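Student: Pasting the sequence and the predicted model now:
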Amino acid sequence: MRVGYLSGVRVAAIADRLGLPEREAGNLVETLRRLGIETLGDLAALPADKVADRFGPAGQRALRLGRGEDELLVCRRHGTWDELAGEIELAEGTAGDRLERALELLIDRLLASPGRKERTLLSLRLGALLGDGGNWSVEQGLGRPTADPRALRIVLTPRLEELPAPAISLRLHSTRFGPRAADQLQLAVRGDESRRHRLGAALREVRAAQGADSLLKVLPVDGASRVPERRALLTPFPVPSR
């Protein structure tokens with residue numbers, strides 16, 4: 001078995017090798033994650049009989065892949081399993097503006113994650129755990145690499161209307177990265193744009209030295225709530241790209 005080689009690989013790497021429809025494979029991977037099984041090493045350590053009882057033939061197939069007993073998982077240079085993820089729990093009945101605020105919070109956290117390493121994003125997966133116990137997810141390509149939070153909100157917000165039932169948690173994954181923002185071609189900048197770039201450089205230095213939570217902004221969530229903690233949340237401040 002090649003468990004040592006595979007142990008650090010994200011469990012999402014097996015999704016397209018399970019021989020299942022995309023949605024079923026995504027639901028299986030999402031369930032594994034919710035059970036705390038984030039890597040193939042975590043999966044390989046599970047007892048085979050327990051996996052078979054809980055997940056049936058698809059689980060057995062996943063376990064064999066996790067243990068390297070089937071075809072070798074090939075590491076790609078820009079690997080699709082090299083992903084970031086964030087999740088937020090929702091109050092029952094969350095909808096409309098509050099659901100959009102939850103998505104905005106997830107986008108801000110994803111972009112502020114040190115694991116992004118200033119790379120742009122090329123595709124994302126938006127998912128949810130539904131109140132009836134089901135899972136929902138949708139892939140969203142971006143067309144061009146970006147790390148602009150406003151552009152991500154414009155693309156992802158309409159997908160919330162596709163939720164088939166009320167959600168009790170919302171999850172966002174980056175599934176493919178583009179080049180670092182600094183690697184993209186830029187026109188020369190002057191005036192306000194130049195100041196914006198200098199400000200962005202200063203903010204990046206602060207975040208690199210003090211961590212992702214060192215720069216925060218107030219995100220209004222539910223101004224009518226009687227509970228102060230529900231009226232607003234602190235979310236990572238969006239740092240301008242280079």
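Tutor: That came through fine. Residues are numbered from 1 along each chain as shown.

Student: So R10 versus L126, what's the distance?
Tutor: Relative to L126, R10 is positioned 17 Å away (criterion: Cβ to Cβ, to the nearest Å). Bear in mind the C-beta positions are built from the backbone N, C-alpha and C, glycine included.

Student: neighbour-wise, which of these two wins?
Tutor: Residue environment comparison for R10 versus L126 gives the larger neighbour count to L126, 22 against 19, counting by other Cβ atoms under 10 Å.

Student: What count of nearby residues applies to the residue nearest to L18 when sequence neighbours are not counted?
Tutor: Taking Cβ to Cβ, 6 or more residues apart in numbering as the measure, L18 lies nearest to A25, with 4.8 Å between them; neighbours along the chain are not counted. Counted with other Cβ under 10 Å, residues neighbouring A25 total 19.

Student: How about the secondary structure of A25?
Tutor: Three-state assignment for A25 (DSSP: H, G, I helix; E, B strand; the rest coil): helix.

Student: Please identify which helix or strand holds F55.
Tutor: Counting by DSSP states H and E, the element that carries F55 is helix 48-66.

Student: quick one, phi psi at D108?
Tutor: Here the main-chain torsion angles of D108 (degrees, to the nearest 10) amount to phi -60, psi -40.

Student: before we move on, the earlier item: run me through the strand neighbours of the very next helix or strand once past the helix holding F55, direction for each.
Tutor: Using DSSP H and E, the helix or strand that follows helix 48-66 towards the C-terminus is strand 84-89. Sheet partners assigned to strand 84-89 using DSSP bridges are listed as strand 167-180 (antiparallel).

Student: Alpha carbons of the partner strand, as CSV, please.
Tutor: The C-alpha trace of strand 167-180 is given here as CSV (Å, rounded to 0.1, in the frame of the first residue of the first chain):
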residue,chain,number,x,y,z
ALA,A,167,-29.6,25.2,4.4
ILE,A,168,-28.2,24.9,7.9
SER,A,169,-24.6,25.4,6.8
LEU,A,170,-22.8,26.9,3.8
ARG,A,171,-19.4,25.8,2.5
LEU,A,172,-17.1,27.3,-0.1
HIS,A,173,-14.1,25.5,-1.7
SER,A,174,-11.5,26.7,-4.1
THR,A,175,-11.0,23.9,-6.6
ARG,A,176,-8.5,25.4,-9.0
PHE,A,177,-6.0,28.2,-8.6
GLY,A,178,-4.6,30.6,-11.2
PRO,A,179,-1.3,32.5,-11.1
ARG,A,180,-0.4,34.9,-8.3
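
Student: Kind regards, and thank you for your time.
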